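> give me a 3D structure for the following:
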Amino acid sequence: MKLRTIFNYRKLLCNESKKFIRQSSTLAEAQSEDVIELNAQVHSAKSKVENSPVMVMLHGVFGNSRNFSALSRRIAKQCSIDVHCLDLRNHGDSPHSPSHSQPAMANDVIHYLTNHIYPSKCILLGHSMGGRVAFDAVFNNPDLFCATIIEDSNPFAREMKTLVTTDDINSPFAAIKILKSVDLSYFDGKSVSEVKAEISDVLEDKIPSMAVQAFLLTNLMQSPDKDGVQWRCNVSAIAKYLESYRSSKWDTTFEAYKSRLTKGPIDVPMLCVRGAKSNYILDKDIEQLKHLFSDVSLTTLDTGHWVHSEKPAEFLKEVITFLTLKELISS
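Below you'll find the model as predicted:
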């Protein structure tokens, strides 16, 4: 299987992208901003059927394209389709921007599709924040997609839960608050591995989960001058994004989406995969989604929020079953 990494940092929206971006109230903010060319890791299938779709994967907050490395390789091999794992703006190796709005992120994805995947149809898979971005992208540009898979993500505005503990609480604010509280200048002259070891001792009292500690620390990187470390993700921009969930002006409610439907439910098959120990996707969310999309199915696995990493074989089976049922891949 061939793996290549695309590094391209153009920020202007090309004319080809513009013709696919549907004008809407939620895209108004994104239309006024530069669109970012996203970094990607591409896993190419050894043999492909002519006109086969391409899968694109979108990670969650604080994540990056490498979160899907194992899953993307298996899908490329077993489904004989190319898989593109993207770094969303302000994450991984994609450029940083002061804006981290959901419409802007969705616009980045559409820009990537029209430049790197079109005219092939896209299967868009997103986890958590990536699931909300995927929902926005498909809702506003359905003609580019043949299916979407939402992993433990709720596109509708409501109080978010934390990724730091499982028995609380308020939202991912705990994690971003911790990252913002760390003074990285204290570690000048030290390597990433040295800093991780020291920070881990500090995080132990604040973050009970070793897995979450390790996940957050994947965002540590050596600074360009090699004299210290810095966060790979744009902590300040992400903090503003998370804070937007507290705003009463948040416009991604079910009612807001429903009011924008002009031709009935969208005809793009959607699979929602949720964790039984997570409460990101509620039964009522599925009922509301069925008013917006004509073909919505739900499966629940015995996991928490990180479904594809906690039950990789089961998650892969659900994805392959769904794609086979929709005749997007051969059985």
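> okay, the residue positioned nearest the centre of the chain: pLDDT?
Central residue of the chain (Cα atoms, centre = their mean): Gly130, 1.9 Å from the mean position. Model confidence at Gly130, given as pLDDT, is 96.
> okay, now Glu255: neighbour count?
Applying other Cβ atoms under 10 Å, we find 9 residues neighbouring Glu255. For the C-beta atoms, the positions are set from N, CA and C on the backbone; glycine is no exception.
> where does it land on pLDDT?
Note for Glu255: predicted pLDDT of 87.
> for the residue lying farthest from the centre of the chain, give me its contacts.
Here the centre of the chain is the reference, and by Cα atoms, centre = their mean the most remote residue is Gly189, at 33.3 Å. Applying Cβ atoms under 8 Å, 6 or more residues apart in numbering, we find Gly189 in contact with 227-228.
> how much space is there between it and Gly63?
The spacing between Gly189 and Gly63, counted by Cβ to Cβ, to the nearest Å, is 29 Å.
> also Val273?
Val273 sits 17 Å away from Gly63 when distances are taken as Cβ to Cβ.
> between these two, which has more neighbouring residues?
For Val273 versus Gly63, the count of surrounding residues by other Cβ under 10 Å is larger for Val273: 27 against 23.
> you'd agree the more buried one is up against Thr299?
Yes: the pair formed by Val273 and Thr299 meets the contact definition of Cβ atoms under 8 Å, at 5.4 Å.
> intersection of neighbour lists for the two?
Between them, Val273 and Thr299 share the neighbouring residues Glu318, with contact defined by Cβ under 8 Å, 6+ apart.
> now do the buried residues in stretch 313-324.
If you call a residue buried by 16 or more other Cβ atoms under 10 Å, then stretch 313-324 has these buried ones: 314-316, 318-320, 322-323.
> now Phe215: phi and psi?
Phe215 adopts backbone torsions of phi -60, psi -50, taken as degrees, to the nearest 10.
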